[in-house]
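# how would this look folded up:
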Amino acid sequence: MDHPSLEERLELTQLVIALLDSWGLRDADQIPVLGLPDGTKSRMIRRFRQDTPLPQDRDVMERVDHLVGIADALRTTYPHNPAYGSLWMRRPNSRFDNRPPIIILTQNGLPGLLELRAHLDCSFDWFLDDRSRQAE
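Down below sits the predicted model:
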């Protein structure tokens, strides 16, 4: 989808904000996770929930792609209990030094998104591994 309509952009925005809400992220924490500019006010997240699409910024859209990939991987991992994905995001995990994945997401920026997605989605991890081999 090269040029999504305003309606499609708004739908995607509301989906992503609802996802971050379900994981327990406060509005102020959603701003850096989404890669929004420094100084973005928390009230902007409320506008995204209602009637404003996320900016068509490359960094923001890359982060949205990874967030949707993480959500898809959680749905695949826990197909019979969708609420468990949200619980998994908030529970300490030995893979992340007993920190909850949500902390990795909020404190590590884009590298944290990549780390979570690679952990949950083996095909994405293979893709990253293949890319790093090609760069050598």
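# that's a helix at Pro32, yeah?
Yes. Counting by DSSP: H, G, I helix; E, B strand; the rest coil, Pro32 is located in a helix.
# quick one: what helix or strand has the residue most central in space within the chain in it?
Residue closest to the average C-alpha location in the chain (CA atoms, centre = their mean): Leu67, at 2.3 Å. Per DSSP states H and E: Leu67 is located in helix 58-77.
# now that helix: buried residues?
By neighbour count with 16 or more other CB atoms under 10 Å, helix 58-77 contains the buried residues Val60, Met61, Arg63, Val64, His66, Leu67, Gly69, Ile70, Ala71, Ala73, Leu74. Every residue, glycine included, has its C-beta placed from N, CA and C.
# from these, which is closest to Leu110?
The closest of the buried residues of helix 58-77 to Leu110 turns out to be Arg63 (CB to CB; 6.6 Å).
# Asp21 versus Pro111, what's the distance?
With distances taken as CB to CB, to the nearest Å, Pro111 is found 23 Å from Asp21.
# before we move on, which element is Val16 in?
Assigned by DSSP H and E, Val16 belongs to helix 6-22.
# which strands and helices lie in contact with that helix?
Under the contact criterion of 3 or more CB pairs under 8 Å, 6 or more residues apart in numbering; DSSP states H and E, helix 6-22 touches helix 27-34, helix 43-50, helix 58-77.
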